[in-house]
Each structure stands twice: as structure tokens, then as C-alpha cells.
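[1] the following block contains a protein sequence and its predicted model.
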Amino acid sequence: MTDLALVNCRQLVTVAGPRLGIVENGAMLVREGRIERVGARAEIEPLIGPQCEVVDAGGRVAMPGFVDAHTHVVFAGHRAAEFEQRCAGASYQEIAAAGGGIRATVRATRAATADELIEAARTRLEWMLRAGTTTAEVKSGYGLSLDDELKMLRVIRRLNEAGPLRLAPTFLGAHEVPDEYRNRRGEYLDLIVNEMLPRVAAGNLAEYCDAFCEEGVFTLAETRRVFEAARTRGLGLRLHADQLSNSGGARLAAELRATTADHLEQTDAAGIAALAEAGVQPVLLPGSVFALGLQRYPAARAMIDAGLAVVLATDFNPGSSPTPSMPLILFLACTQMKMTPAEAIAAATINAAHSLGRGSSVGSLEPGKLADFVIHDCADYREVVYWVGAPTVADVWIGGRNLRIPKS
Ligand code: NIG
Ligand code: FE
């Protein structure tokens with residue numbers, strides 16, 4: 001029996017089919033947390049039984065919850081002082097070279113208990129939910145010791161089990177070389193390959209492995225070593241590639257048949273061709289370009305022209321992209337990267353779901369999928385992108401359960 005009916009959607013944006021599969025005057029039936037049927041009001045309303053709870057969207061827009069496929073939402077503390085230094089002209093790399101940046105957050109995260117990390121992350125996940133996100137990938141990478149990386153991954157597991165957001169865990173032991181290994185980086189790579197990866201895999205603590213392949217961080221050869229070991233352990237691959245320099249990260253991701261290559265601000269035409277040839281999905285993170293005050297955004301149009309299923313994500317982290325907001329990211333994708341609002345919404349839902357191996361369960365509103373959907377205070381889907389900074393999210397359901405977003 002159907003237990004929930006969503007009716008009176010001015011636009012039900014299913015993201016199934018061409019032009020976002022928009023159903024004008026749409027309605028949807030949900031049974032036991034899954035979508036049973038989607039269609040026009042006249043077709044759905046006669047099927048609503050007497051026991052069914054009816055949610056009236058009030059002539060607004062309903063669409064799938066956002067799938068944020070690249071976040072670093074678990075960490076301790078903040079880096080607002082570095083933000084102020086950057087406002088005064090310091091660069092991200094200068095701050096990192098002086099011992100700040102990722103290593104500053106590593107010190108704070110190591111000092112925090114699992115419970116403290118959970119509490120801090122809960123607040124941020126709540127911010128994400130209020131911005132319409134229902135599924136998120138979450139990386140480790142601020143522990144950088146065996147125990148602290150395992151601590152982070154167990155925190156992600158607990159947060160996922162507690163809900164309401166659905167989380168996909170990624171092991172990012174190769175995020176930075178920690179202070180105590182600064183002069184013996186080969187030994188840190190040994191630790192990742194010989195101790196961390198086996199424990200992560202044995203504990204089933206991550207679905208993917210990531211690395212920060214960048215000048216001054218991990219080289220192509222070091223990244224390759226970590227990724228080959230990760231693949232042997234059954235993990236999928238996602239790579240921080242070509243963010244600050246064109247270091248060949250996209251080509252390496254293509255060669256290793258990674259699932260995604262993320263950032264790609266500096267990737268050239270050859271790199272894009274390699275991704276297309278290998279079917280590696282680009283995950284674009286314009287929030288980090290914007291927040292670092294940089295000018296060069298990834299070449300989204302060239303990637304779309306190459307036939308790539310582009311993904312947009314927040315990169316939510318305390319340094320380069322301190323935002324939980326997918327609508328802000330979509331706005332930047334449209335204004336700075338010249339994506340259309342429809343392309344941006346697809347990139348933030350169905351394409352992102354595919355990149356996380358969840359394309360058959362989330363990312364669109366189709367029969368059989370989980371009932372993860374959002375009502376926005378808008379009558380046209382383009383408004384979700386265009387009212388920059390506006391809290392358009394009125395209500396969120398995950399698995400057919402209403403999360404009751406308080407009115408702001
Ligand atoms: O994706 N690039 C590396 N990692 C993050 C930044 C993490 C941090 O600054 O704490 C990123 O931009
Ligand atoms: Fe990142």
C-alpha cells in the first residue's frame with residue numbers, strides 16, 4: 001500500500017530523461033521509503049488510498065536531494081584565521097608551506113576524540129541538509145596516522161548509521177605528508193600501503209581511495225603506488241588532480257581507470273580527451289576556486305562537449321572551500337563555468353549518484369529509487385540556482401521520512 005503521496009508540484013523535476021524529465025503539475029507515490037510512481041496529477045491522484053499521508057507541495061518545485069560527491073566534512077576546529085590571512089593577500093600554498101593548511105587541521109583532528117568529531121560533523125551535515133543535500137561522499141585525510149585515519153573512517157561510519165544523510169566513505173591517507181614524516185616521505189607511503197590500506201579494506205571502512213596529486217604534495221609516481229595498492233584491495237579510485245598545477249593528474253586518473261578525477265582546474269585539452277577516452281567522471285569544485293580568490297575555473301564546457309558526465313560538488317572543507325551549499329556551487333558553475341541550470345542540476349544529482357556507484361538508488365525520482373526529495377520555495381527549477389544565497393529549501397525527505405527543516 002502507498003503510504004505517502006506528494007501532490008501539487010508546479011514542477012516535479014525527476015531528472016529522468018531529457019530536459020530534466022520535468023513533470024508540470026506533477027505528483028509522486030511513495031511506499032516504504034521508495035518511489036512507487038511518478039506522473040501528472042490527474043494520473044496519480046486517483047491512486048491515493050485513504051490511509052495515505054498526502055503532502056501538498058503548494059505549487060512549488062520538488063526535485064531529488066543533491067548528491068554531494070566530494071566533501072571533507074569530518075574535521076576538528078576551523079581555519080578562520082587563515083581565511084583572514086588570505087583576505088590580506090597570503091596564498092593557500094604559502095600558508096601550507098608555513099605549517100598551516102591541511103597540517104593545521106591534522107593537528108586539531110588528531111587531538112579530538114571520535115565523539116567530538118561526530119558532534120562537529122553533525123552541525124555541518126545539518127547545514128548541508130538545509131541546503132538540500134541528502135547523500136554525500138566523505139573523506140578521511142586529516143588523521144594521517146593509522147589510528148587517526150581509522151578514527152575518522154569509523155566516525156564516518158557512525159554518522160552514516162545514525163543518518164539522516166546517506167554517506168559514502170573515502171580513504172584519503174595520501175592527503176598530505178604529516179609533520180613527523182616530512183624528511184622520510186617514502187616511509188609514509190609504506191605506512192599507507194602496508195598498514196593503512198589493509199586495515200581500511202579488512203574493516204570495510206571505505207568504498208574509495210583518494211590522493212592529493214599536486215606539486216609539493218604527492219607526485220604522480222607516489223599517487224600511482226597508493227592507487228595500485230588500493231585497487232588490489234578492492235577500493236574504487238577518486239583523485240584530487242590538477243587543482244593548482246597541471247601535474248598530469250587527469251592523465252594518471254585515466255590510465256588507472258579511476259572512477260573520478262576531481263578539481264581539474266588546470267587540466268588541458270589532452271587531459272580532457274584522456275578522461276573521455278577512459279570514461280573517468282570529472283568532479284568539478286568551483287567553490288574552492290571562488291573561496292581561494294583564484295580566476296581559473298575548470299573547463300566544464302569542453303568536458304561536456306567531450307561527452308563527459310560532469311559532476312558538481314562542494315569540496316566542503318575548512319581550508320579551500322568552506323561551504324556546505326550545493327545551490328551556491330550550482331550558481332558558480334552557471335556564472336563562472338557557463339553550465340546551464342539544467343546541466344548543473346543533473347551534475348549535482350544523477351551524475352553525482354553514478355560517480356558514487358549509487359546511480360540505481362538515488363539521484364533521480366523514478367520508481368524503485370529511494371524517496372530522497374526536496375521541496376524548494378520556487379515555481380521554476382532555474383530559481384533554485386539563480387536566487388544565490390537564498391535558503392530556498394522548504395522541506396526535505398530521506399527514504400520517505402520528513403526531516404522537518406525549521407523555517408529560517
Ligand atoms: O580539495 N586539495 C586538497 N584538499 C582539499 C583542501 C583541504 C584543506 O585545505 O583542508 C581540497 O581543496
Ligand atoms: Fe577536496
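    Okay, I see it. Ligands and ions are numbered 1, 2, ... in the order given.
[2] would you list the phi and psi of residue 73?
    With angles defined as degrees, to the nearest 10, residue 73 shows backbone torsions of phi -80, psi -10.
[3] now do the one 5 residues further on
    Listed backbone geometry of residue 78 is phi -150, psi 170, with angles given as degrees, to the nearest 10.
[4] that one contacts residue 318, correct?
    Yes: under the criterion of C-beta atoms under 8 Å, residue 78 makes contact with residue 318 at 5.4 Å. C-betas here are computed from N, CA, C, even on glycine.
[5] the two: who's more crowded?
    It is residue 318, of residue 78 and residue 318, that has more neighbours when counted by other C-beta atoms under 10 Å, with 24 against 15.
[6] and residue 324, helix, strand or coil?
    What DSSP: H, G, I helix; E, B strand; the rest coil gives for residue 324 is coil.
[7] tell me which element residue 25 falls in.
    strand 22-31 (DSSP states H and E).
[8] before we move on, what about residue 57?
    strand 53-64.
[9] on contacts alone, who are the packing partners of the helix or strand of the chain with the lowest mean pLDDT?
    Lowest on mean pLDDT, DSSP states H and E among the helices and strands of the chain sits helix 92-97, with a mean of 93. With contacts taken as 3 or more C-beta pairs under 8 Å, 6 or more residues apart in numbering; DSSP states H and E, helix 92-97 sits against helix 80-87.
[10] how about the helix it packs on and ligand 1, any contact?
    No: under the criterion of C-beta under 6 Å from any ligand atom, ligand 1 is not reached by helix 80-87; the shortest gap measures 8.7 Å.
[11] does ligand 1 have contacts with the very next helix or strand once past the least confident helix or strand of the chain?
    For helix 92-97, the following helix or strand on the C-terminal side (DSSP H and E) is helix 102-111. Yes: applying C-beta under 6 Å from any ligand atom, one finds helix 102-111 touching ligand 1 at 102, 105.
[12] specify the next element, helix or strand, located C-terminal of helix 102-111.
    helix 114-130.
[13] can you tell me if the helix or strand that comes right after that next one touches ligand 1.
    Once the chain leaves helix 114-130, the next helix or strand it forms, by DSSP H and E, is strand 133-139. No: Strand 133-139 stays clear of ligand 1 (C-beta under 6 Å from any ligand atom), getting no nearer than 8.4 Å.
[14] gap between whichever helix or strand comes after strand 133-139 and the chain center?
    On the C-terminal side of strand 133-139, the nearest following helix or strand under DSSP H and E is helix 146-162. Here the centre of helix 146-162 is set off from its chain's centre by 17 Å, with C-alpha atoms, centre = their mean, to the nearest Å.
[15] what angle sits between helix 146-162 and helix 102-111?
    Interaxial angle of helix 146-162 relative to helix 102-111 (axes from the mean of the first three to the mean of the last three C-alpha atoms, to 10 degrees): 80 degrees.
[16] need the contact partners of helix 146-162.
    Applying C-beta atoms under 8 Å, 6 or more residues apart in numbering, the contact partners of helix 146-162 are 74, 106, 109-110, 114, 117-118, 121-122, 125, 138, 140-143, 165-167, 169, 171, 173, 191, 195-196, 199-200, 203, 205-206.
[17] list the buried ones in it?
    Using 16 or more other C-beta atoms under 10 Å as the test for burial, helix 146-162 gives 148-157, 159.
[18] just the pLDDT for the closest residue in space to residue 122 that isn't next to it in sequence.
    With C-beta to C-beta, 6 or more residues apart in numbering as the criterion, residue 122 has its nearest non-adjacent residue at 7.3 Å, and that residue is residue 159. Per-residue pLDDT puts residue 159 at 98.
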